[in-house]
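Chemist: Kindly generate the corresponding structure for this input.
(chains A and B)
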Amino acid sequence: MDADATLLLRLAALNTAYAGTIDADRLEAWPEFFTEDGFYRITTAANHAQGLAAGVVYADSRDMLHDRVFALRRANIYERQAYRHVIGMPAILGREADGGVRAEAPFLVVRTMRDGAMSLFAAGRYLDRLVERDGRLLFDAREGICDSPNFDTLLAIPL
Amino acid sequence: MPDTHASAHPDAAPRAWPPGITRIPYWLYQDADVLKHEQKTLFEGPVWNFLTLEADIPNRGDYRTTFVGSMPVVVVRGRNGAIHAFENRCAHRGALIVLEDSGTAKDFTCAYHAWRYDLAGSLCSVAFQRGVNGKGGMPADFRVADHAPRKLRTATIGGLVFGTLSDATPDIDTYLGAGVAAKLKRVLNRPVEVLGRFAQPMPNNWKLYAENVRDTYHASLLHTFFTTFRITRFSQAGGITLSENGGHHASATIATVEGNDGAYKDQGIRSDNDGLKLRDMSFLDSVDEFGDGIQLQILTVFPTLVLQQTHNSLAIRHFLPNGTGAMTLHWTYLGFVDDAPEMRRRRLKQANLVGPAGFISLEDGCIGGFVQRAAATAAEQEAVVEMGGRSVETQPTRATEVAVRGFWQLYRTLTGL
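Modeler: The predicted structure is shown next:
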């Protein structure tokens, strides 16, 4: 296979592993998909289009992601719920001089509440910058850009 | 056969509520006729409804669309800096005049039959008014000046734009009262810039959020992130400033006290968690930017506006009813135009505390729904609001529900319920 095809497969496998980690409630392992000073933001398509910098989640270190999981486990109160991510085929947007890769992938997230109520909680795309560390691809930046401005009730579990 | 059930008569008076502001019957959050009554007496009554930020409509022709209660409204920057607001309803057949959230326009033309309005919402022209080839057209005595959507008076304070449909509404400073107005200007003391917008639909009546945001009693009990990381505890200094009419408030918390105190342990309260440590404390690196040690200020303007200063995270929260059992909270995160880069980054990181995923506000998204669901068959039962006494006044503590009582005091005055 050529280099692009190999990379595409690796990205797809990475996204599958990422989704599986969150959806199986292995949240403590979720920050490990990021570099130490990795950037993570959840925002909306409108904010992204207008260049507005804020996020509903905004982290500039892997430790901030660990803290978010810690707070969810120990401090925050919300009804039991689970996500099912469906992440589509990634696209390679470009390669950078330092070996970094820019990529994107569409996603849908279905949320199932404890009473069984299911809803299409989020739809959007991930805009990523990935780097290779010790043979693994890690997110140096992952932005979840949601199509809708609405976050129904609350966003507890990360996207 | 006449139907005597109240809900069959849109103008029927809502149920009876004994006098007082310490007992809140649950039908207030449930009955459809209450929302209709609120629209008429409260949202379209003598109140200043938040419409937009001046920063959102800086130039002539800039507009945003919003709502006053359930009424769609356009707010526009007109000639010579004037700000106009009018109902987003064509005077002809009632279609929406403006469809976008925001934009810039020379004038507004209804898509349905091309009736055209100026920036003040006055009708300028009617398509084919004189007919086509001498046939059809409006009657000779039809005058465009006789037709327009309802117009609102507008007022600004601290870069916030408000509108009212009532001639009886006092000027904005009188409406807010000196105490709350000063707390508003304490934060909004120079030009702001929007950092992002998010919306949070919630499964509860709008008044449950209006109460929640005035309820300083719950803050460190429901939101354990606060107490876990010592951001605020009741044992910290602070208090509540209330307007004379009760409707507006500002609660303040003065900077952190180190060390443990017995207040939480003695109550066996979940909020006390000494063991928890954050790995990356950088996001709580706050600056006393207003120079008065107030780390947290939550301010409300009756009926549906919140101005929030949580450390260095600033935001406007504007909530609107979506029918009786639902609402949407609109978040606008703010910075100042003159923010240094490190202050801007601090605001973005501290925004993790608030919003739909906020460490100390996430629970507010679901708590109203818990009440709405739990009280489903308890319409004639009542909530109890007696923390901090039974009165409405400024109090030097946050272990109180005084601002919730204040809300109901003004609510009862306006609605007559």
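
Chemist: Return the residues in contact with residue 25.
Modeler: You didn't say which chain, so I picked chain A. Taking C-beta atoms under 8 Å, 6 or more residues apart in numbering or on different chains as the definition of contact, the neighbours of A:Asp25 are A:Ala82. C-betas here are computed from N, CA, C, even on glycine.

Chemist: The chain in question should be chain B.
Modeler: With contact set as C-beta under 8 Å, 6+ apart, B:Pro25 has these partners: B:15, B:17, B:379-382.

Chemist: so how far is B:Asn322 from it?
Modeler: Summarising the geometry, the distance separating B:Pro25 from B:Asn322, computed by C-beta to C-beta, to the nearest Å, is 22 Å.

Chemist: ok, now A:Gly38?
Modeler: Computed as C-beta to C-beta, the A:Gly38 to B:Asn322 distance reads 37 Å.

Chemist: higher neighbour count, those two?
Modeler: For A:Gly38 versus B:Asn322, neighbours defined as other C-beta atoms under 10 Å in any protein chain shown are more numerous around A:Gly38 (21 against 16).

Chemist: you'd agree that one is in a strand?
Modeler: Yes - the assignment for A:Gly38 by DSSP: H, G, I helix; E, B strand; the rest coil puts it in a strand.

Chemist: So it sits against A:Glu143, correct?
Modeler: No - in this structure, A:Gly38 is not within contact of A:Glu143 by C-beta atoms under 8 Å, at 11.2 Å.

Chemist: what about B:Lys277, neighbour count?
Modeler: If we define neighbours as other C-beta under 10 Å, then B:Lys277 has 10 of them.

Chemist: Using the three-state scheme, assign it.
Modeler: B:Lys277 carries the three-state label coil when classified by three-state DSSP.

Chemist: On the three-state scheme, whichever residue of chain B sits closest to chain A is what?
Modeler: With C-beta to the nearest C-beta as the measure, the residue in chain B that lies nearest chain A is B:Gly196; the distance is 2.8 Å. Each residue gets one of three states, and B:Gly196 gets strand by three-state DSSP.

Chemist: which residues does it form a beta bridge with?
Modeler: Taking DSSP bridges, one finds B:Tyr333 as the beta-bridge partners of B:Gly196.

Chemist: Quick check: phi and psi on residue 124?
Modeler: Picked chain A for this. With angles defined as degrees, to the nearest 10, A:Gly124 sits at phi 170, psi -150.

Chemist: To clarify, I was referring to chain B.
Modeler: With angles defined as degrees, to the nearest 10, B:Cys124 shows backbone torsions of phi -100, psi -40.

Chemist: Tell me how many other residues crowd it.
Modeler: With neighbours defined by other C-beta under 10 Å, the count for B:Cys124 comes to 14.

Chemist: ok, now B:Ala326?
Modeler: Applying the criterion other C-beta under 10 Å, we find 16 residues in the vicinity of B:Ala326.

Chemist: Also B:Asn312?
Modeler: Using other C-beta under 10 Å as the criterion, B:Asn312 is surrounded by 23 other residues.

Chemist: need the contact list for it.
Modeler: B:286-287, B:289, B:343, B:346-347, B:350.

Chemist: Also B:Pro201?
Modeler: Neighbouring residues of B:Pro201 by C-beta under 8 Å, 6+ apart: A:150, A:152-153, B:322, B:326-329.

Chemist: again, only using 7 Å
Modeler: A:150, A:152, B:322, B:326, B:328 (C-beta atoms under 7 Å, 6 or more residues apart in numbering or on different chains).

Chemist: Quickly find the element holding the residue lying closest to the second one once chain neighbours are set aside.
Modeler: Think A:Asp152. Closest residue to A:Asp152 in three dimensions, ignoring its sequence neighbours and counting by C-beta to C-beta, 6 or more residues apart in numbering or on different chains: B:Pro201, at 5.3 Å. Secondary-structure element containing B:Pro201, defined by DSSP states H and E: strand B:192-202.

Chemist: Also A:Asn15?
Modeler: helix A:3-23.

Chemist: Restricting the selection to alpha carbons, write that helix to PDB.
Modeler: In PDB, the C-alpha atoms belonging to helix A:3-23 read as follows (Å, rounded to 0.1, in the frame of the first residue of the first chain):
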ATOM      1  CA  ALA A   3       1.900   5.900   2.300                       C
ATOM      2  CA  ASP A   4      -1.400   7.700   2.100                       C
ATOM      3  CA  ALA A   5      -3.400   4.500   2.200                       C
ATOM      4  CA  THR A   6      -1.400   3.200   5.200                       C
ATOM      5  CA  LEU A   7      -1.900   6.500   7.000                       C
ATOM      6  CA  LEU A   8      -5.600   6.500   6.300                       C
ATOM      7  CA  LEU A   9      -5.900   3.100   7.800                       C
ATOM      8  CA  ARG A  10      -3.900   4.100  10.800                       C
ATOM      9  CA  LEU A  11      -6.100   7.200  11.300                       C
ATOM     10  CA  ALA A  12      -9.300   5.200  11.000                       C
ATOM     11  CA  ALA A  13      -8.000   2.600  13.500                       C
ATOM     12  CA  LEU A  14      -7.000   5.500  15.800                       C
ATOM     13  CA  ASN A  15     -10.500   7.000  15.600                       C
ATOM     14  CA  THR A  16     -12.100   3.600  16.300                       C
ATOM     15  CA  ALA A  17      -9.900   3.100  19.300                       C
ATOM     16  CA  TYR A  18     -10.700   6.700  20.500                       C
ATOM     17  CA  ALA A  19     -14.500   6.200  20.100                       C
ATOM     18  CA  GLY A  20     -14.300   2.700  21.800                       C
ATOM     19  CA  THR A  21     -12.400   4.100  24.800                       C
ATOM     20  CA  ILE A  22     -15.100   6.800  25.500                       C
ATOM     21  CA  ASP A  23     -18.100   4.700  24.600                       C
END
